[in-house]
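**Student:** requesting a structural model of the entry that follows:
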Amino acid sequence: MKNKIMIFIVLAFMTTQVKAQLKILSGIEKGSYNSMAKDILKICGDKEVKDTVREKVPVYVNGYPSGERDTTYIRSSKETFINIKTTGGSADNYRQLVVNRSANPDIAFMQYDVILLEQLKSLKRGETKKKYENLRVLLPLGTEQIHLITKASSDIESLKDLKGKRVGIGSKQTGTQVTAICIQEITGIQWINVEWDLDFCIKSLFNGQLDAFFFVGSAPVERLKLSKDIQFELRLVPIEDENLLAYYPKSVIKKGSYFWAKEDVPTFGVLDALVTNIIGETKEKQENIKKMLTDIKNNIEELKKTGHPEWKEVSFDFSNYEGKIQTDDISKEVFNK
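**Tutor:** Residues are numbered from 1 along each chain as shown. This next block holds a predicted model:
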């Protein structure tokens, strides 16, 4: 009888359904996307899970077992709501959210031009079925500035001067590389792409292996705050090509953002957003997304005050994405769009 009772207890625990967490693809550890994902984790907190437990329990009469009866009750527990996964960057996030969904992610931080590059490739291939059409914007996150950097003594004065030059475009899977390739595709300027990360690009610029390099980030970028001796040897190149206006909003890297930024430099901004893939979307996933967006909306001032600096740009304004990628219906509901 004892063994039978133990079986009942085990079966009771097995009736508890394991609720799926909201899986978010962030980016590299300690990067801006990763930091913002951790900010979301803090304000969302744990999720209350209620399960209906049905089981048979033994009935005792005068201290002796005399049969069984059915019982039903509600069990409440807490579980971690947000599950953050570090990744290689925006391009890697697109791959995991759209191309290879083996990890079954729900949401990803992403630069819009990652999707733009896929659109350009699809157009060239003449495709009718496009995987990115199932992506939806959940929350615009502002813009990051496109930095084009060369040596102060360089003869590169504009984007067109990159023709035939050796240009660092960032390592694979990064948003910087995607942006650089998009610019090359849109403008038709043919420079030599060199796939090196930021630190190696800086070193290579000074030892003559590179003529310039791109980097995408919200100015001022901490990783570009170098020693003053080095910084005064650098110069920002204006990016003003009119062909880019259909894809990127105009922006400015302001004077004083870096020691070597002696004047405002015109450039373009890269749109950032939280996105989801609606393929196979369940009601539970929709409810989880709604909870997350509602928590962000209700805590936006706290996020701007104590979270990553990019939260200061978040205004629930979806206008920059109109005509580019659809807004999710849940976002329209939460933000009354």
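**Student:** list the contacts of Arg69.
**Tutor:** Arg69 is in contact with 56-57, 59, counting by CB atoms under 8 Å, 6 or more residues apart in numbering. Heads up, the C-betas are built off the backbone N, CA and C, glycines and all.
**Student:** closest to Cys44 among these?
**Tutor:** Nearest to Cys44 among these: Val57, at 36.6 Å, using CB to CB.
**Student:** hang on, that closest one is in a strand, isn't it?
**Tutor:** Yes: according to DSSP: H, G, I helix; E, B strand; the rest coil, the state of Val57 is that of a strand.
**Student:** can you give me the helices for the stretch 1-150 of the chain?
**Tutor:** 2-14, 32-44, 90-94, 112-125 (DSSP state H, counting those that start in this stretch).
**Student:** thinking again about what came up before, save the contacts of Arg69 as a markdown table, and put in pLDDT and distance to Pro266 too.
**Tutor:** Output for the contacts of Arg69, formatted as a markdown table (pLDDT from 0 to 100; distance: CB to CB, whole Å):
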| residue | pLDDT | distance to Pro266 |
| --- | --- | --- |
| Lys56 | 77 | 74 |
| Val57 | 72 | 74 |
| Val59 | 73 | 81 |
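**Student:** may I ask which of those has the most neighbours?
**Tutor:** Counting neighbours by other CB atoms under 10 Å, Lys56 leads the contacts of Arg69 with 16 neighbours.
**Student:** got a list of what it touches?
**Tutor:** By CB under 8 Å, 6+ apart, Lys56 lies in contact with 8, 68-71.
**Student:** just the buried members of those residues?
**Tutor:** Not one of the contacts of Lys56 meets the buried threshold, by 16 or more other CB atoms under 10 Å.
**Student:** need those residues in a markdown table (columns: pLDDT and distance to Thr150).
**Tutor:** What follows is those, written out as a markdown table (pLDDT from 0 to 100; distance: CB to CB, whole Å):
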| residue | pLDDT | distance to Thr150 |
| --- | --- | --- |
| Phe8 | 42 | 74 |
| Glu68 | 80 | 81 |
| Arg69 | 78 | 81 |
| Asp70 | 78 | 77 |
| Thr71 | 78 | 75 |
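**Student:** reformat the residues you listed as CSV; add distance to Asp197.
**Tutor:** Shown next, in CSV, are those (distance: CB to CB, whole Å):
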residue, distance to Asp197
Phe8, 58
Glu68, 65
Arg69, 66
Asp70, 62
Thr71, 60
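**Student:** so which of these sit within strands?
**Tutor:** 68-71 (DSSP state E).
**Student:** most tightly packed of the helices of the stretch 1-150 of the chain?
**Tutor:** Most buried of the helices of the stretch 1-150 of the chain, by mean neighbour count (mean count of other CB atoms under 10 Å): helix 90-94, with a mean of 25.
**Student:** can you dump the C-alpha atoms of it in CSV for me?
**Tutor:** The C-alpha atoms that make up helix 90-94 are tabulated as CSV, following Å, rounded to 0.1, in the frame of the first residue of the first chain:
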residue,chain,number,x,y,z
SER,A,90,22.2,40.9,-34.9
ALA,A,91,23.0,38.7,-37.8
ASP,A,92,23.2,35.6,-35.5
ASN,A,93,19.9,36.6,-34.0
TYR,A,94,18.3,36.7,-37.4
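**Student:** who's in contact with Leu271?
**Tutor:** Counting by CB under 8 Å, 6+ apart, Leu271 touches 111-113, 140, 142-143, 248-249, 320-321.
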